[in-house]
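Visitor: can't give you the sequence, but here's the structure:
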Ligand code: HEC
Ligand code: HEC
Ligand code: HEC
Ligand code: HEC
Ligand code: HEC
Ligand code: HEC
């Protein structure tokens, strides 16, 4: 399912069966669009609060999260081994659950969402747009429609969106007046967290949705003999800060790259220290403004990278490949639990699953 383009760039797309149909991938012309940062420049004042994370270690024993490791900010991304190559060997344990994994399927072929497409083409004004839709992004809170851009490694985002059926009633379209393809939004504001191998200079990605590289990094194939050579393997005891950098590279939805000024990390490669270039405000005031899901994430990040409390990381509670968080019930009650529970683990706060995100625009 991987397509090698002439420049040696690769596109991995979904399952092996769908890719063959998609041979006409992106055009090979790379486009440098350096003007993007303008969107964010005006927000420089807001950005200053982010200094909290980059401050030097202080007298209260707070760590300087930027003080270890290295990064790829402004550097070239490695030519990584793609998911279909990994799955050729890992087809027994990882293969069966991967197509359904929410990371992998966050952006998927539009024909997998016939109802959403049906609704989109109902207004007469939308039928011509619906015809061009190739991918759907999102799930419970909002669906967005996408098509390949004329430029290499980019996607166009339809202005109209869909709110799936839920507490507020049946599925409905929003922003459906004057539908148009937004040609810059995905590259400038979304790509870094919703696709793989994004180069901040060109704003292009090498694979749609999230591939193994996003978490396991630039994999050494010698790991078959010695699994300590691969990030997140059982035989490695990856430091908590390394794990927080990996998961935080997408799950911190309130940060910004210092160098690129984009709302996603600058050429992050798992193993890097995310916090050398990525600024995020983890003050109580900033965390308190977010929804409970983002709150527990930011709090966990702060505990590890600022307070040096490494007892819990994302992986203490979440198993990515099983898509399960049952592990979380095994820990002793502590501060982080009260972002969702009401002081007793038997009860959940009424708003614990309330979702909203400024960066994701829902
Ligand atoms: C900093 C990384 C980051 C950026 C930038 C980002 N997203 Fe997201 N987005 C995420 C993560 C992580 C989630 C999953 C949140 C969760 O499950 O709680 C998400 C979830 C979503 C969802 C909700 C899915 C659902 O139905 O629950 C939508 C829709 C979405 N993003 C769209 C976008 C769009 C459109 C953009 C660009 C305008 C964007 N995102 C930019 C990281 C990001
Ligand atoms: C969103 C992050 C993420 C992505 C993407 C991801 N993994 Fe993993 N993987 C993990 C984590 C974290 C672990 C460690 C086990 C755990 O706690 O879930 C892991 C463990 C594994 C293991 C060992 C599991 C075991 O129980 O033996 C294999 C093999 C693996 N991953 C392969 C892959 C392959 C192949 C892909 C791509 C198709 C992939 N992973 C994509 C996060 C990820
Ligand atoms: C040539 C076959 C092959 C390829 C290609 C391959 N692996 Fe592996 N991988 C293995 C073998 C063999 C092991 C060691 C036995 C095991 O744990 O499954 C292993 C181990 C692992 C582990 C550690 C499992 C543990 O015990 O925790 C992870 C994680 C992993 N591979 C991920 C990947 C990812 C991600 C890719 C693609 C970038 C990949 N592998 C490509 C064969 C392969
Ligand atoms: C490349 C971006 C990216 C990285 C890296 C990433 N995630 Fe995610 N993650 C997402 C997006 C996007 C979603 C939303 C999927 C959805 O709502 O369908 C998600 C969903 C999740 C979910 C909810 C869905 C589920 O399967 O349970 C959990 C939990 C999660 N991620 C944990 C992690 C952990 C732990 C790590 C680090 C090992 C990690 N993620 C790394 C982007 C990322
Ligand atoms: C103390 C345990 C704990 C820690 C630590 C933790 N989480 Fe969670 N997280 C949970 C629980 C429990 C849920 C709710 C799970 C559910 O929906 O069933 C959750 C929900 C989520 C969701 C939304 C799941 C969904 O279904 O949409 C995401 C995304 C997520 N966590 C990511 C992370 C990331 C990334 C980290 C590390 C920075 C992290 N979590 C740290 C326990 C934890
Ligand atoms: C991000 C939200 C979230 C966080 C943080 C969280 N929980 Fe939960 N917890 C849930 C949800 C949702 C459930 C019910 C579904 C499930 O088990 O995943 C739950 C269920 C439980 C249950 C089972 C309760 C029952 O009646 O069966 C226990 C025990 C529990 N959590 C303990 C904890 C502890 C201890 C912590 C802190 C270390 C914690 N939780 C942190 C969301 C969360």
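Guide: Nice, I can see it. Because the structure is a prediction, the values reported are computed rather than measured. Numbering: from 1, shown residues only. Ligands and ions are numbered 1, 2, ... in the order given.
Visitor: how many neighbours does the residue nearest to residue 360 when sequence neighbours are not counted have?
Guide: Counting by Cβ to Cβ, 6 or more residues apart in numbering, residue 360 lies nearest to residue 253, which is 6.7 Å off, once chain neighbours are set aside. Where C-beta positions appear, they are placed from N, C-alpha and C, glycine not excepted. Other residues within reach of residue 253, judged by other Cβ atoms under 10 Å, total 20.
Visitor: swap in residue 231?
Guide: Residue 231: 20 neighbours (other Cβ under 10 Å).
Visitor: for residue 140, same thing?
Guide: What residue 140 shows, counting by other Cβ under 10 Å, is a neighbour count of 11.
Visitor: could you do residue 337 as well?
Guide: Neighbours of residue 337 under the rule other Cβ under 10 Å: 16.
Visitor: the longest helix seen in the chain and ligand 6, are they touching?
Guide: Ranked by number of residues, the top helix in the chain under DSSP state H is helix 292-305. Yes. Helix 292-305 is in contact with ligand 6 by Cβ under 6 Å from any ligand atom, via 293, 296.
Visitor: buried residues in that helix?
Guide: Neighbour-count burial for helix 292-305, counted by 16 or more other Cβ atoms under 10 Å, picks out 292-305.
Visitor: list the contacts of the closest residue to ligand 2 within the stretch 51-200 of the chain.
Guide: Using Cβ to the nearest ligand atom, the single residue of the stretch 51-200 of the chain nearest to ligand 2 is residue 86, 3.6 Å away. Neighbouring residues of residue 86 by Cβ atoms under 8 Å, 6 or more residues apart in numbering: 94, 212, 216, 219.
Visitor: most neighbours among the residues you listed, which one?
Guide: That'd be residue 212 among these, by other Cβ under 10 Å, with 26 neighbours.
Visitor: which residues does that one contact?
Guide: 81, 82, 83, 86, 219.
Visitor: now with 7 Å, please.
Guide: The contact partners of residue 212, taken as Cβ atoms under 7 Å, 6 or more residues apart in numbering, are 83, 86.
Visitor: got it, and residue 265?
Guide: By Cβ under 7 Å, 6+ apart, the residues touching residue 265 are 192, 249, 257, 274, 277, 278.
Visitor: that one in helix, strand or coil?
Guide: Residue 265 falls in the coil class when you classify it by DSSP: H, G, I helix; E, B strand; the rest coil.
Visitor: the longest helix of the chain near ligand 5 anywhere?
Guide: Yes. Against ligand 5, helix 292-305 shows contacts by Cβ under 6 Å from any ligand atom at 293, 296, 297, 300, 301.
Visitor: what pLDDT does the first one get?
Guide: Looking back up the chat, that one is residue 293. Note on residue 293: pLDDT of 97.
Visitor: wait, it touches residue 357, no?
Guide: No. Using Cβ atoms under 7 Å, residue 293 makes no contact with residue 357, being 9.0 Å away.
Visitor: Three-state assignment for residue 173, please.
Guide: strand.
Visitor: I'd like to know how far it sits from residue 127.
Guide: Distance of residue 173 to residue 127, given as Cβ to Cβ, to the nearest Å: 13 Å.
Visitor: those two: who's more crowded?
Guide: residue 173 (17 against 11).
Visitor: what sits against the more buried one?
Guide: Residue 173 touches 119, 120, 160, 162, counting by Cβ under 7 Å, 6+ apart.
Visitor: ranking those by neighbours, who comes first?
Guide: Neighbour max across those (other Cβ under 10 Å) = residue 120, 26 neighbours.
Visitor: near ligand 5, which residues of the stretch 101-250 of the chain are found?
Guide: Near ligand 5, when you scan the stretch 101-250 of the chain using Cβ under 6 Å from any ligand atom, you find 244, 247, 248.
Visitor: so which of those residues sit within helices?
Guide: Per DSSP H, these map to helices at 244, 247, 248.
Visitor: and of these, the nearest to residue 98?
Guide: The closest of those to residue 98 turns out to be residue 247 (Cβ to Cβ; 18.0 Å).
Visitor: mind listing what the residue nearest to that closest one when sequence neighbours are not counted touches?
Guide: In space, and not counting its chain neighbours, residue 247 is closest to residue 314: 4.5 Å by Cβ to Cβ, 6+ apart. Applying Cβ under 7 Å, 6+ apart to residue 314 gives the contacts 243, 247, 300.
Visitor: distance check, the last one against ligand 1.
Guide: With the distance defined as Cβ to the nearest ligand atom, to the nearest Å, residue 300 ends up 13 Å from ligand 1.
Visitor: just residue 120 next, same as before
Guide: Taken as Cβ to the nearest ligand atom, the span from residue 120 to ligand 1 is 15 Å.
Visitor: contact residues of the stretch 151-300 of the chain facing ligand 4?
Guide: Going by Cβ under 6 Å from any ligand atom, the residues of the stretch 151-300 of the chain near ligand 4 are 193, 194, 210, 214, 215, 246, 247, 249, 250, 251.
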